[in-house]
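1. Any chance you could fold what I've pasted below:
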Amino acid sequence: MPPAAPASDLTAHMGYWLRYVSNHVSQAFARKVEAHGVTVAEWVLLRRLLDAEPLAPSRLADRMGMTRGAVTRLADRLIAKSLLLRTADPQDGRAQTLTLTAKARRLVPELAALADANDAEFFDHLAPKERAALLRILQGIVERHGLKSLPVD
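-> Residues are numbered from 1 along each chain as shown. Model (predicted):
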């Protein structure tokens with residue numbers, strides 16, 4: 001039996017470095033939004049609804065790459081926080097739609113500013129061309145692999 005190939009070093013993997021950076025960026029952002037009473041997953045749902053007409057939970061789940069059950073649980077939490085309204089669809093009384101409350105419409109821009117600040121904290125040291133290249137590379141990986149689910153945790 002031939003000798004086993006030596007194990008590659010952990011830090012030799014791109015995935016290691018992506019996860020390393022991602023964890024720190026995500027955790028810093030989570031702390032910022034949690035100070036405003038929402039989770040990252042709730043923020044993502046709120047942001048998706050900011051520019052949308054009232055949406056059925058099933059359509060929102062499709063857009064977010066999440067299960068309907070997960071969207072329903074997030075919606076229930078946001079309704080309890082007075083950030084989301086669930087109403088009967090005027091065209092189909094059995095169907096429901098989700099919309100932001102006025103409170104949420106005021107909160108989402110504040111949370112977006114936190115997202116901008118978090119990005120600046122981690123990436124403003126990059127030259128504009130480096131930032132653009134990194135963004136292009138990451139978006140290319142998403143497209144190449146057909147990744148659909150939004151990063152919510």
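
2. Next, the residues that contact the helix or strand of the chain with the lowest mean pLDDT from outside, please.
-> One helix or strand of the chain scores below all others by mean pLDDT, DSSP states H and E: helix 57-64, with a mean of 91. With Cβ atoms under 8 Å, 6 or more residues apart in numbering as the test, helix 57-64 has contacts from 44-45, 48-49, 55, 67-68, 70-72, 75, 96, 98, 149-150, 152. Quick note: C-beta positions are derived from backbone N, CA and C, even for glycine.

3. So which of the residues you listed are in helices?
-> Secondary structure assignment by DSSP state H places 44-45, 48-49, 68, 70-72, 75 of these in helices.

4. Whichever of the residues you listed end up buried, select them in ChimeraX.
-> In ChimeraX syntax, the buried subset of these is picked out as below (16 or more other Cβ atoms under 10 Å):
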select :44,45,48,49,70,71,72,75
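
5. List just the nearest of the ones in helices among the contacts of helix 57-64 to residue 27.
-> Distance ranking of the ones in helices among the contacts of helix 57-64 against residue 27, using Cβ to Cβ, places residue 44 first at 15.5 Å.

6. quick one: that closest one and residue 115 touch, right?
-> No. Contact status for residue 44 versus residue 115: not in contact, 10.1 Å apart, counting by Cβ atoms under 8 Å.

7. Most widely separated two among the contacts of helix 57-64?
-> 96 and 149 (22.7 Å).

8. low-confidence ranges in this structure?
-> For the chain, residues meeting the criterion pLDDT under 70 lie at 153.

9. how about the helices in it?
-> Using DSSP H, helices in the chain cover 14-34, 40-50, 57-64, 68-80, 102-123, 128-144.

10. and of those, who's closest to residue 87?
-> helix 68-80 (10.8 Å).

11. quick one, which of residue 96 and residue 149 is more surrounded?
-> Set side by side, residue 96 and residue 149 show more neighbours around residue 96, with 18 against 10, by other Cβ atoms under 10 Å.

12. Name the nearest of the ones in helices among the contacts of helix 57-64 relative to residue 34.
-> The closest of these, once distances to residue 34 are taken by Cβ to Cβ, is residue 44, at 13.7 Å.
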